[in-house]
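Chemist: this one's sequence-less:
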DNA sequence: TGCCCGCCGGGTG
DNA sequence: CACCCGGCGGGCA
């Protein structure tokens, strides 16, 4: 592949049979973070899903951003690693290849980004912060989070404190929360 | 427009 | 507890 045509750089990091992957733009911004996968191919495929098949995206896998993938891994495993929001491509662009399609999705993600380590908020709380009753719409937007783990959508739970859904499965959500020290009994958060 | 959603709360047994 | 259902609003074909 011609390096000069590379539009996106993908780096992966393996830990305990799980592959973490990040996609980074030419501009050096993270455009997508994969949920951990059992093999590297799936992790890379998760990044490329962002792009339409007919976009013929140029990408290259290298170790250039392995440190970022490693940081994601560390957060997954319960470390309170800080990420700068400016390392993420938070642009809203419906037409172009952009991780975030609408202003509403962006607003939701920025609200979720405020949830402190080791705490949870409900979908309803996020909606109310944004001044809407579209609780389900918040769930939908959270579900499209291009930066899982870094923007902690796993910390958003149902109003009755049940865990709720997750792209990677509720078991994975459960595990990340557990790694953060959040107490869970069955499918419910046990403390406020 | 119509339909799908990582939701919510009130209802019933 | 278990379903069940109407309401809500954002996004997309």
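Modeler: Great, that's in hand. Predicted model, so just to flag it, every value in this text is computed and none were measured. Numbers count the residues shown, from 1 in each chain, chains lettered A, B, ... in the order given.
Chemist: Quick one: name the residues of chain A near DNA strand C.
Modeler: A:94, A:101-105, A:132-137, A:140-141 (Cβ under 7 Å from any atom of the strand). Every C-beta, even on glycine, is put in place using the N, C-alpha and C of the backbone.
Chemist: Need the buried ones from these selected in PyMOL.
Modeler: Here is the PyMOL command that selects only those of the residues of chain A next to DNA strand C that count as buried (16 or more other Cβ atoms under 10 Å):
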select buried, chain A and resi 101+104+105+135+137+141
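Chemist: who touches the residue of chain A found nearest DNA strand B in this structure?
Modeler: DNA strand B sits closest to residue A:143 of chain A, with a gap of 2.0 Å, by Cβ to the nearest atom of the strand. Going by Cβ atoms under 8 Å, 6 or more residues apart in numbering, residue A:143 touches A:153, A:165, A:167.
Chemist: Okay, it and DNA strand C: tell me how far apart.
Modeler: Residue A:143 sits 11 Å away from DNA strand C, going by Cβ to the nearest atom of the strand, to the nearest Å.
Chemist: And that residue, how far from residue A:181?
Modeler: Note on residue A:143: its distance to residue A:181, by Cβ to Cβ, to the nearest Å, is 25 Å.
Chemist: what does residue A:18 give?
Modeler: Note on residue A:18: its distance to residue A:181, by Cβ to Cβ, is 20 Å.
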